[in-house]
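# Structure for the following, please:
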Amino acid sequence: MCGICGFVGKVNNSKKILKTMVDRIAHRGPDDMGMYVDDLAALGHRRLSIIDLNHGVQPMYNETGDLAIVFNGEIYNHLELREDLIRRGHTFANDSDTECLIHGYEEYGKEFLTMLRGMFAFVIWDSKTNTLFGARDYFGIKPFYYANVNNAFVFGSEIKSILDFPGYERQVNEEALEQYLSFQYSVLPETFFKGIFKLPAGHYFELKDGNLDIHRYFDPKLKPKNDKSLDDTVSDIEKVVHETVDAHMIADVEVGSLLSSGVDSSYVVSEFPADKTFTVGFLDKQSKYNEIRYAEGLVEELNKKNFSKTINSDEYFNSIETVMYYMDEPLADPSCIALYFVDQVAAEQIKVVLSGEGADEFFGGYNIYHEPISLKGYQHIPKFIRKGLAGIAKLLPNVKGRDFLIRGSKSVEERFIGNANMFSVEDREKLLKTKLTHIAPKDLVAHAYEKAKNLDDISKMQYVDINFWLQGDILLKADKMSMAHCLESRVPFLDIKVFNYAKRLPTEYKVNDTATKRAFRIAAKKHIPEKTANKKKLGFPVPIRVWLCEDEYYNKVLSVLTSETAEKYFNTDILVKLMEDHKNGKADNSRRIWTVYVFLVWHKVYFEDENFTPINKEWLDKRVQKL
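Residues are numbered from 1 along each chain as shown. Got it, this is the predicted structure:
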């Protein structure tokens, strides 16, 4: 796990500029730093050494020195790839997985991407043809950003590197804000920084003579096929999980695992051969917001160790600016801050952790996936009647059954944009003062629904989540929060071999009347306690609903929501009303309040406080010295 950055183009003081960019992401790789600079290209790298500790320094080169690579990630099948490439005449200088990429590109070109098993974002500079080739992994585990600044193509693992490039002028992308209010994350190809873009998951690019061509090489299409019994499917899942966890243990350093109270991380912990696990919680141990007691119970049964921390409210709120600094863009998922702390606990002891992301998207784990089953009977009623009832329901207060009538009047394409849907189009247009595009969230995901049009509704929802929610929220926070602590996070469920099995699962083995992630839970039950395997999906519970009712945090948040910056972007009287209704118990507005609050905190960090310093800078400096 590392950080990469650089640029292509005629640039004065290339080495000095590149050094500044590389230093900006030192937290991604405290073990080493490397640079390649020629007349047209500059490639920078920060290394967190995991494999081949003594010889994996980057940039790395082919035998003739005309290809140079900088790479962020891990290739889990690099030993098999190495054998093939050696047979084909390639000479390797070390035992790192990076060399497989550069020799694989020499041998197979872009077709090599589909042979990789791992997480990756990399660029290869061909000094003979003056071509830059780059790619991002299948599901977007590793990030990649780029921009064109003063006729130079600038790239990086984090946006903050690009911000340091001379000539880039920071400007808030208000179109990103408009959609963020609905999705809770940055969903557009263009980031919150005007002119800086994300390379989508499963894509590669070629840059030559100033022309950038981007192509998709992988599309995570689901192909449900009911050709096996449930028992055989469960047995297959056990084998797949065991094999993928084993593959993700490859390292020359100690590997641990994050552990919540849920089935996904618990199943990983039951399979991985190491013994250190890490957990955080809130309030007291008996609270629904504290998962430490579950973790302690599981590790006792599995004869492993658990290291935990209970996060108090002051720690949580005081860390938000730092978290937004490392995230680069606002993310209104409250669990992001919790993840920051659990990664910090892990990083005190190890350099690599496993985590359970991806199982919900692949195996059908989210509670919302049950909705098509719940609505099935109601949707037999003619649509014009359902639309009429929905119109009446919208006029009612927030009583039980109101949302059922409203959502039941819509097709899945109209009602589901992913696991979060904070503000409706109508609400956000009342709230925002900025120039609006009036583009509805459903229009942004429409192309995904078009590709999934022949699937059932649950599978359509999965496909949307894999393409949007997974890379926009889940994986982004996993990468940025772990890297904030010089820690590598691995996600064994998000393995191409796991997906190639899971994509064929029939819907009834994923979701039925009584369970989500049905076959997966049955498999897990053979390895962990039944109560854990059957536990309802909670996400990462954070008590912001409770804290926003307390005077101290109510006033703290309200002062931000009525600030000068807030007045610039929002009709703040609406925000005040949301706060008052929440505190008075009229509605749970916590998530919508949080969405706006986090944006304003992010804005302060990147547009108002030029000298912002993360609260963990001293800790990181010590970490760099220690490593």
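# What residues does the nearest residue to residue 503 once chain neighbours are set aside make contact with?
Leaving out its chain neighbours, the residue that sits closest to residue 503 by Cβ to Cβ, 6 or more residues apart in numbering is residue 222, at 4.9 Å. To be clear about C-beta, it is placed using only N, CA and C from the backbone, and glycine gets the same treatment. Taking Cβ atoms under 8 Å, 6 or more residues apart in numbering as the criterion, residue 222 is in contact with 452, 455, 459, 462-463, 503.
# again, 7 Å this time
The neighbours of residue 222, taking Cβ atoms under 7 Å, 6 or more residues apart in numbering as the test, are 455, 459, 462-463, 503.
# Among those, which one has the most neighbours?
residue 462 (31 neighbours; other Cβ atoms under 10 Å).
# Now for that residue: which residues touch it?
So residue 462 contacts 222, 361, 364 (Cβ under 7 Å, 6+ apart).
# just to revisit the earlier point, can you list phi and psi of the residue nearest to residue 503 for me?
For residue 222, the backbone dihedrals (degrees, to the nearest 10) come out as phi -90, psi 140.
# hang on, the earlier thing: among the contacts of residue 222, name the ones in helices.
Under the assignment DSSP state H, the contacts of residue 222 contribute 459, 462-463 to helices.
# Mind putting these into JSON lines with pLDDT and distance to residue 164?
Compiled in JSON lines, the ones in helices among the contacts of residue 222 are given as follows (pLDDT from 0 to 100; distance: Cβ to Cβ, whole Å):
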{"residue": "459", "pLDDT": "97", "distance to residue 164": "43"}
{"residue": "462", "pLDDT": "97", "distance to residue 164": "39"}
{"residue": "463", "pLDDT": "97", "distance to residue 164": "37"}
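# Just the closest of the residues you listed to residue 439, please.
Nearest to residue 439 out of the ones in helices among the contacts of residue 222 is residue 463 (Cβ to Cβ; 20.6 Å).
# Next, count neighbours for the residue nearest to that closest one when sequence neighbours are not counted.
Distance criterion Cβ to Cβ, 6+ apart; nearest residue to residue 463, sequence neighbours excluded, is residue 452 at 4.3 Å. Residue 452: 21 surrounding residues under other Cβ under 10 Å.
# before we move on, what about residue 16?
Using other Cβ under 10 Å, residue 16 has 10 neighbouring residues.
# do the one 4 residues further on as well
The local packing of residue 20 (other Cβ under 10 Å) involves 16 other residues.
# ok, now which ones touch it?
Neighbours of residue 20 in contact, by Cβ under 7 Å, 6+ apart: residue 164.
# Look up how far residue 383 lies from it.
58 Å (Cβ to Cβ, to the nearest Å).
# now do residue 193
42 Å.
# what about the two, which has more around it?
Using other Cβ under 10 Å, the more surrounded residue of residue 193 and residue 383 is residue 193, with 25 against 11.
# Tell me how far the closest residue to that one other than its chain neighbours lies from residue 5.
Using Cβ to Cβ, 6+ apart and skipping the chain neighbours, the partner closest in space to residue 193 is residue 159 (6.0 Å). Distance of residue 159 to residue 5, computed by Cβ to Cβ: 10 Å.
# Who has more neighbours out of these two?
Taking neighbours as other Cβ under 10 Å, residue 159 and residue 5 compare with residue 5 leading, 32 against 20.
# Let me see the contact set for that one.
So residue 5 contacts 21-22, 25, 44, 155-157, 161 (Cβ under 7 Å, 6+ apart).
# That one in helix, strand or coil?
Under DSSP: H, G, I helix; E, B strand; the rest coil, residue 5 falls in the strand class.
# Centroid-nearest residue for the chain?
Taking Cα atoms, centre = their mean, the centroid of the chain lies closest to residue 475, which sits 1.7 Å from it.
# Thought residue 355 was touching it, still the case?
No - distance between residue 475 and residue 355: 10.1 Å, which falls outside the contact criterion (Cβ atoms under 7 Å).
# Could you pull up the contacting residues of the residue located most distally from the centre of the chain?
Distance from the C-alpha centroid of the chain, by Cα atoms, centre = their mean, peaks at residue 385 (40.0 Å). If a contact means Cβ under 7 Å, 6+ apart, then residue 385 has no contacts.
# May I ask which helix or strand encompasses it?
Taking DSSP states H and E as the criterion, residue 385 maps to helix 383-394.
# Output that helix in CSV with nothing but the alpha carbons.
Only the C-alpha atoms of helix 383-394 are listed here, as CSV (Å, rounded to 0.1, in the frame of the first residue of the first chain):
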residue,chain,number,x,y,z
LYS,A,383,-50.0,2.4,-10.7
PHE,A,384,-52.4,5.4,-11.0
ILE,A,385,-54.1,4.3,-7.7
ARG,A,386,-50.7,4.0,-5.9
LYS,A,387,-49.6,7.4,-7.2
GLY,A,388,-52.8,8.9,-5.9
LEU,A,389,-52.3,7.3,-2.4
ALA,A,390,-48.7,8.6,-2.5
GLY,A,391,-49.9,12.1,-3.2
ILE,A,392,-52.1,11.9,-0.1
ALA,A,393,-49.4,10.4,2.0
LYS,A,394,-47.0,13.2,1.2
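# Quick check: bridge partners of residue 149?
Taking DSSP bridges as the rule, residue 149 bridges to residue 152.
# That one: neighbouring residues, count only.
Using other Cβ under 10 Å, residue 149 is surrounded by 19 other residues.
# Contacts only, for it.
Residue 149 makes contact with 165, 167-168, according to Cβ under 7 Å, 6+ apart.
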